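Participant: following is a predicted model, sequence given first.
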Amino acid sequence: MLRRALLRGALLILAVAVVFVIWDRYGPRESAPDMAPAVEQVDHILIEKSARRMSATADGKVVFEAEIALGFKPGGDKQMEGDGKTPEGHFKINRRNPQSAFHLSLGLDYPHPEDIARAKAQGIDPGGDIFIHGQPNGLSVLTLPGDWTAGCIAVSNAEMETLWRLAPIGTPVEIRP
């Protein structure tokens, strides 16, 4: 009798957890935060891969800092789709996705024409869809440890909401080794 009650209790807890994860991942999302006034927006984002740090500046003054997670094999520059590397170089934010599979996302203009030409010469796909984003939807109460993305730059959801407000399309992004 006790065993049956424990099994029912465990099944109930499991069912509630499954419903929570499904709701968190696929349920209605809050609207994205509004952009900050132009005078508060950043004009440069610096990502330092080896330090796992991002900083954003306005008129040369740091106004935002965050610890970051990178691709699952972050050493070196991105060469091809699936290599787990985060690209290095100078990019710009070229799109904003409030309906991302991750909590908000800011797209980078990778690959550049030279990346495409290099990859084509080697007969490989340079990859793409590199974003700065929050945590995976469905895990909104967690911040995943370590480097876990496919090549993107990840921050906590709260940090992503701040960056979302501060970084308009066209913001330069420098990614250093």
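Facilitator: Sure, I can see it.

Participant: please enumerate the helices of the chain.
Facilitator: For the chain, the helices identified by DSSP state H occupy 2-26, 113-122, 157-166, in order along the chain.

Participant: least confident of those helices, on average?
Facilitator: Sorting those by mean pLDDT places helix 2-26 lowest, at a mean of 59.

Participant: hmm, which helix or strand of this structure has the shakiest average pLDDT?
Facilitator: The least trusted helix or strand in the chain, going by mean pLDDT, DSSP states H and E, turns out to be helix 2-26, with a mean of 59.

Participant: so which residues of this protein form strands?
Facilitator: For the chain, strands defined by DSSP state E occupy the ranges 44-48, 53-58, 61-67, 89-97, 105-108, 131-133, 153-154, 172-176.

Participant: could you dump those strands into TSV with distance to Pro33, mean neighbour count and mean pLDDT added?
Facilitator: In this view, the C-beta of every residue, glycine as well, is placed from N, C-alpha and C. Conversion of those to TSV gives the following (distance: least, CB to CB, whole Å; neighbours: other CB atoms under 10 Å; pLDDT from 0 to 100):
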stretch	distance to Pro33	mean neighbour count	mean pLDDT
strand 44-48	17	19	98
strand 53-58	15	17	98
strand 61-67	14	14	97
strand 89-97	11	15	98
strand 105-108	12	24	98
strand 131-133	14	25	98
strand 153-154	18	27	98
strand 172-176	19	17	98
